[in-house]
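Colleague: This is the structure alone, sequence omitted:
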Ligand code: G3I
């Protein structure tokens, strides 16, 4: 028997024994645990697999062990945003983003950063700015230049503009930034500033519900076209992919194929699959879990089927169910690939199967 198959059969036996022991140790009423992953998520993929991270995770040995094993890229979930960095008096604090950056570097993981300009964040330092003393545009320029410049040479990319499109697809969202610096011009300005601060970082425009709201997706694509036509250094397109477990099959594939037509790198930037944010609220949990697994496979397979130059990264928005922002909305939600104990669910195996499609060439490049 070759080394690989011997190793494989031994892992299978060990994995089954561990899974069995874990099952026996659990109350009989609880669902059986899925077996361990044969191959980590990052080793199953031909592109970076990431997760979001908070500084509080870095003090959890089990999270650290899981993230090191499974992921080759990290995105600060909130501590690289204005809400953490920009103090009410206009000063900046970088202790936590610096710690996350150092952790990524120490573990050979890429650092992806979010976000610079977001309608949802308008810190007092800007809202209450004394414009008789400090020009708003100068403060805006200084923020982007300082923050992007600080991680120059480490950050592989930035969400420069986040969630700019109105949910109903009727134009762009109103925001403090648009009011002060122009609906379109503030976005163009942000991309130019980020490019000047870090010429090597890939600069993204990022949004959500692109796979489920056709009008919003159309408006997003038209905004991308307008930015590119205006010469804005848009280097990539972020599809957040906060999915509902009953999203019809094929929607993610069609969305990634449509985005691929721009010829730019694509980042599935915030993937999770909610069991609670579903249309069919009374569907059996097991059926929703099957839908969740199918969507993890489809998303990974569709991404793996993109041309290599366009496979920027696939990032999970929470490795374990208890890490997910969605738990704050519904304690019963279980949107992540790993359970609260960091054990792989069927969703993790489904994700791994989809990622592997690209590895073994089963994913057909989609033109
Ligand atoms: O950890 C602190 C806690 O110590 C403190 O007591 C508490 C109250 O101030 O705040 C806690 O931090 C919160 C953090 O999440 C961790 O839970 C922040 O206030 C809160 O603003 C932050 O929310 C994040 C949110 O973006 C806003 O930044 C979520 O974690 C994060 O998942 C969410 O991510 C967004 C993406 O950026 C954009 N797409 C949608 C996605 C989900 O909303």
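Modeller: Happy to help now that I have it. Remember, it's a predicted structure, so these values are computed and weren't measured experimentally.
Colleague: and residue 357, what does it touch?
Modeller: The contact partners of residue 357, by Cβ atoms under 8 Å, 6 or more residues apart in numbering, come to 300-301, 304-305, 363. C-beta here means a position set from N, CA and C on the backbone, and glycine is covered the same way.
Colleague: Can I take it that residue 158 is in a helix?
Modeller: No. Judged by DSSP: H, G, I helix; E, B strand; the rest coil, residue 158 forms no part of a helix; its state is strand.
Colleague: For burial, what's the neighbour tally of the residue nearest to it when sequence neighbours are not counted?
Modeller: Closest residue in space to residue 158, ignoring its immediate chain neighbours: residue 113 at 4.8 Å, by Cβ to Cβ, 6 or more residues apart in numbering. Per other Cβ atoms under 10 Å, the neighbour tally for residue 113 reads 28.
Colleague: Direction included, what does the helix or strand encompassing residue 113 pair up with?
Modeller: Following DSSP states H and E, one finds residue 113 within strand 110-118. Each strand that pairs with strand 110-118, with its direction, by DSSP bridges: strand 73-76 (parallel), strand 155-162 (parallel).
Colleague: wait, which of those strands is closest to the ligand?
Modeller: strand 155-162 (6.1 Å; Cβ to the nearest ligand atom).
Colleague: List the contacts of the helix or strand that that closest one is followed by.
Modeller: Once the chain leaves strand 155-162, the next helix or strand it forms, by DSSP H and E, is helix 176-181. Helix 176-181 has contacts (Cβ under 8 Å, 6+ apart) with 117, 119, 122, 126-127, 136-137, 140, 172, 186, 189-190.
Colleague: So how do I select the buried members of those in ChimeraX?
Modeller: Of these, the buried ones can be selected in ChimeraX as follows, counting by 16 or more other Cβ atoms under 10 Å:
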select :117,119,122,126,140,172,186,189,190
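Colleague: and the contacts of helix 176-181, which two are the farthest apart?
Modeller: The most widely separated members of the contacts of helix 176-181 are 127 and 172, with 19.9 Å between them, by Cβ to Cβ.
Colleague: Show me which parts of the helix or strand that contains residue 253 are buried, residue by residue.
Modeller: Remark: residue 253 resides in helix 251-260, with elements defined by DSSP H and E. Buried residues in helix 251-260, defined by neighbour count with 16+ other Cβ under 10 Å: 251-253, 255-256, 258-260.
Colleague: Equivalent analysis for stretch 62-73, please.
Modeller: Result for stretch 62-73 [16+ other Cβ under 10 Å]: buried residues 63, 66-68, 70-73.
Colleague: Present those as CSV; the columns should include secondary structure, pLDDT and distance to the ligand.
Modeller: Conversion of those to CSV gives the following (DSSP: H, G, I helix; E, B strand; the rest coil; pLDDT from 0 to 100; distance: Cβ to the nearest ligand atom, whole Å):
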residue, secondary structure, pLDDT, distance to the ligand
63, helix, 98, 14
66, helix, 98, 18
67, helix, 98, 16
68, helix, 98, 21
70, helix, 98, 18
71, coil, 98, 16
72, coil, 98, 20
73, strand, 98, 16
